[in-house]
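**Q** need a structure here:
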Amino acid sequence: MNARRSVPAVVAAVLLAGCMTTPPAGSPTFRHAPLVREAFIADPSAHVFDGRIYVYGSHDVDEPPRDDEPGSAFVMRDYRVLSMDRIGGPVTVHPPGLRLEDVPWADRQLWAPDATYRDGRYYLYFPAKDRDGIFRIGVATGDRPEGPFTAQPEPIPGSYSIDPAVFVDDDGARYMYFGGIHGGQLQRWVSGTYDASMGETDLQQPDAPALMPRVARLSDDLLAFAETPREVVLLDDAGAPLLGGDLDRRFFEAAWMHKHDGRYYFSYSTGDTHTIAYATGDSPYGPFTHRGVVLTPVQGWTTHHSIVEADGRWWLFYHDTELSDRTHLRSAKVAELVHEADGRIRTVDPFVR
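**A** Model (predicted):
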C-alpha cells in the first residue's frame with residue numbers, strides 16, 4: 001500500500017488505457033460463466049424471494065454520455081431483473097421493471113439498485129441524478145419481485161450518493177447502506193450539504209481517515225429513513241480508522257451487508273485497487289474491522305457484488321467484462337462463497353490461473 005499514491009492520476013491513466021484491469025498473462029480463462037448473454041446486467045444484488053433467486057442490477061447500454069462528469073459512460077435507463085429457481089439453472093431476463101421516464105424526479109443514470117420485501121410488497125431502491133445533476137436515492141414499489149415498479153414522486157428525503165443496499169436483520173429491522181466516492185459524489189457531502197466544489201476530497205487526504213460509507217435504518221413503511229444517516233466506520237487491526245491513502249482497504253463504493261453465525265459482514269469495492277474487501281463487526285452500525293478480500297480483481301475497471309444464501313449454501317454475485325471487453329458493458333456472474341471455520345471468507349479468484 002502506498003499511502004501517497006495520487007488516485008486522480010491513477011484513475012485518469014486507467015481511463016486512457018480503456019478502464020480495464022489486467023487479466024492473467026496470455027488469454028484469460030474465466031472461472032465463471034455469465035448468467036445471461038442477451039443483456040448486460042451489472043452490479044448484481046441477489047435475493048431469495050418465495051424460494052426463487054432474483055438478481056437486481058444495472059442494465060448497461062451503449063449510448064452516448066450526457067455529461068462529462070466521472071462515470072458518464074454509464075447511462076443506464078431502466079432496470080431488468082434476472083431470476084432462477086436454482087444456481088446453475090435456466091435464467092429468466094424479465095421485461096423492464098422500472099424505466100427512467102417513469103421516475104418523476106430523475107433526469108439520468110439509473111445506477112446500481114437493490115430490493116427488499118415485506119407484507120406482500122416489493123421495494124426497489126435505486127440512485128439517479130436529479131435535474132441538478134445530484135445523485136439521490138429513490139424507491140419504487142410493486143406486487144411482484146420482478147416488477148413492474150411504481151416510483152415514489154420524490155427521492156428519499158435526506159438521501160444522497162449511490163449504491164443503496166438494504167439488509168434485513170434477524171429482528172426484521174431494515175438498514176440501508178450507501179455511498180460512492182468520485183463519480184458517486186459522496187465526497188461532496190462532507191459538510192452535510194452538497195458542495196460541487198468538493199471534487200475528490202477524500203482522495204487528496206491520504207493521511208487522514210478515509211471517507212466512510214453511510215447507513216440508516218429505514219422507516220416502518222420502507223419509504224424513508226427513520227434516522228439521519230451515519231458513518232459506517234471501517235477500522236484496521238489496531239482499531240484505527242482506515243486512511244484515505246490506504247487504497248487496498250479503504251471504501252470506494254458498492255456496500256453490501258450479510259450476517260453469518262451472528263457476525264455482521266460489511267463488504268465493499270476498494271475502487272482503484274479493484275478488489276471486493278470485507279470487514280466484520282457486532283452491530284449493523286459497526287464499527288467494522290477489515291479482515292481481507294472477498295474477490296480479487298475482475299476484468300474491467302469496476303467491481304460490484306452481493307452475497308446471499310440459497311439452498312443452504314452461500315453465493316457471491318459479481319460482474320466483469322468478459323463478453324464485451326468494454327468497461328461500461330458488464331455481465332453478472334455467480335460463484336460459491338465459503339465462510340471458513342474461523343469466520344474469515346475464502347477469497348474468490350475470477351480467473352483460472
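**Q** which residues sit in contact with E227?
**A** Neighbouring residues of E227 by C-beta atoms under 8 Å, 6 or more residues apart in numbering: 216-217. Bear in mind the C-beta positions are built from the backbone N, C-alpha and C, glycine included.
**Q** which sections of the stretch 1-150 of the chain are below the confidence cut-off?
**A** Low-confidence segments of the stretch 1-150 of the chain, defined by pLDDT under 70: 1-25, 68.
**Q** ranges for the strands of it?
**A** Along the stretch 1-150 of the chain, the stretches classed as strands by DSSP state E, counting those that start in this stretch are 40-49, 52-60, 78-79, 81-84, 92-93, 98-99, 106-108, 114-118, 121-130, 135-142, 150-151.
**Q** could you dump these to CSV with mean neighbour count and distance to A173?
**A** Putting the strands of the stretch 1-150 of the chain into CSV (neighbours: other C-beta atoms under 10 Å; distance: least, C-beta to C-beta, whole Å) gives the following:
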stretch, mean neighbour count, distance to A173
strand 40-49, 24, 17
strand 52-60, 24, 21
strand 78-79, 22, 25
strand 81-84, 21, 25
strand 92-93, 16, 31
strand 98-99, 20, 25
strand 106-108, 19, 28
strand 114-118, 21, 11
strand 121-130, 22, 14
strand 135-142, 22, 17
strand 150-151, 18, 24
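**Q** closest to T228 out of these?
**A** With C-beta to C-beta, the closest approach to T228 among those belongs to strand 135-142: 14.3 Å.
**Q** with just CA atoms, put the closest one into PDB.
**A** Taking C-alpha atoms only, strand 135-142 is exported to PDB below (Å, rounded to 0.1, in the frame of the first residue of the first chain):
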ATOM      1  CA  PHE A 135     -27.400  11.800  -7.100                       C
ATOM      2  CA  ARG A 136     -30.300  10.900  -4.900                       C
ATOM      3  CA  ILE A 137     -31.800   7.600  -3.900                       C
ATOM      4  CA  GLY A 138     -35.300   6.700  -4.800                       C
ATOM      5  CA  VAL A 139     -37.700   3.900  -4.000                       C
ATOM      6  CA  ALA A 140     -40.400   2.200  -6.200                       C
ATOM      7  CA  THR A 141     -42.900  -0.500  -5.200                       C
ATOM      8  CA  GLY A 142     -44.600  -3.400  -6.800                       C
END
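**Q** I'd like to check the angle between that strand and strand 114-118, please.
**A** 40 degrees (axes from the mean of the first three to the mean of the last three C-alpha atoms, to 10 degrees).
**Q** and strand 135-142, how far out from the chain's middle?
**A** 15 Å (C-alpha atoms, centre = their mean, to the nearest Å).
**Q** my guess is P90 contacts S83, does it?
**A** No: using C-beta atoms under 8 Å, P90 makes no contact with S83, being 9.7 Å away.
**Q** one step back: okay, the strands of the stretch 1-150 of the chain in JSON lines with distance to T321 next?
**A** JSON lines is the format used below for the strands of the stretch 1-150 of the chain (distance: least, C-beta to C-beta, whole Å):
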{"stretch": "strand 40-49", "distance to T321": "9"}
{"stretch": "strand 52-60", "distance to T321": "10"}
{"stretch": "strand 78-79", "distance to T321": "20"}
{"stretch": "strand 81-84", "distance to T321": "18"}
{"stretch": "strand 92-93", "distance to T321": "19"}
{"stretch": "strand 98-99", "distance to T321": "25"}
{"stretch": "strand 106-108", "distance to T321": "22"}
{"stretch": "strand 114-118", "distance to T321": "22"}
{"stretch": "strand 121-130", "distance to T321": "21"}
{"stretch": "strand 135-142", "distance to T321": "23"}
{"stretch": "strand 150-151", "distance to T321": "29"}
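**Q** so which of those gets nearest S269?
**A** S269 lies closest to strand 40-49 among those, at 10.0 Å (C-beta to C-beta).
**Q** residue contacts, T296?
**A** 275, 347-350.
**Q** tabulate these (TSV), appending neighbour count.
**A** Listed next are these as TSV, based on neighbours: other C-beta atoms under 10 Å:
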residue	neighbour count
T275	23
T347	14
V348	20
D349	14
P350	23
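**Q** mind checking how far F252 is from I162?
**A** In this view, F252 and I162 are 11 Å apart by C-beta to C-beta, to the nearest Å.
**Q** next, show the common contact partners of these two.
**A** G180.
**Q** count of residues packed around the closest residue to S283 other than its chain neighbours?
**A** Spatial nearest neighbour of S283, chain neighbours left out: Y264 (6.7 Å); criterion: C-beta to C-beta, 6 or more residues apart in numbering. By other C-beta atoms under 10 Å, the residues close to Y264 number 20.
**Q** parallel or antiparallel, list what pairs with the helix or strand hosting Y264.
**A** In the assignment (DSSP states H and E), Y264 maps to strand 263-269. Next to strand 263-269 in the sheet, as set by DSSP bridges, lie strand 253-260 (antiparallel), strand 276-281 (antiparallel).
**Q** follow-up on the earlier one: of all the strands of the stretch 1-150 of the chain, which one is nearest H304?
**A** Across these, H304 has its closest neighbour in strand 40-49 (4.2 Å, C-beta to C-beta).
**Q** now the closest one - C-alpha only, PDB.
**A** Provided in PDB are the C-alpha atoms of strand 40-49 (Å, rounded to 0.1, in the frame of the first residue of the first chain):
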ATOM      1  CA  PHE A  40     -25.600  -6.600 -20.000                       C
ATOM      2  CA  ILE A  41     -26.600  -6.700 -16.300                       C
ATOM      3  CA  ALA A  42     -24.000  -5.300 -13.800                       C
ATOM      4  CA  ASP A  43     -23.900  -4.600 -10.100                       C
ATOM      5  CA  PRO A  44     -25.900  -7.700  -9.300                       C
ATOM      6  CA  SER A  45     -27.900  -7.600  -6.000                       C
ATOM      7  CA  ALA A  46     -29.200 -11.000  -5.300                       C
ATOM      8  CA  HIS A  47     -32.100 -12.000  -3.000                       C
ATOM      9  CA  VAL A  48     -34.300 -15.100  -2.400                       C
ATOM     10  CA  PHE A  49     -38.000 -14.400  -2.500                       C
END
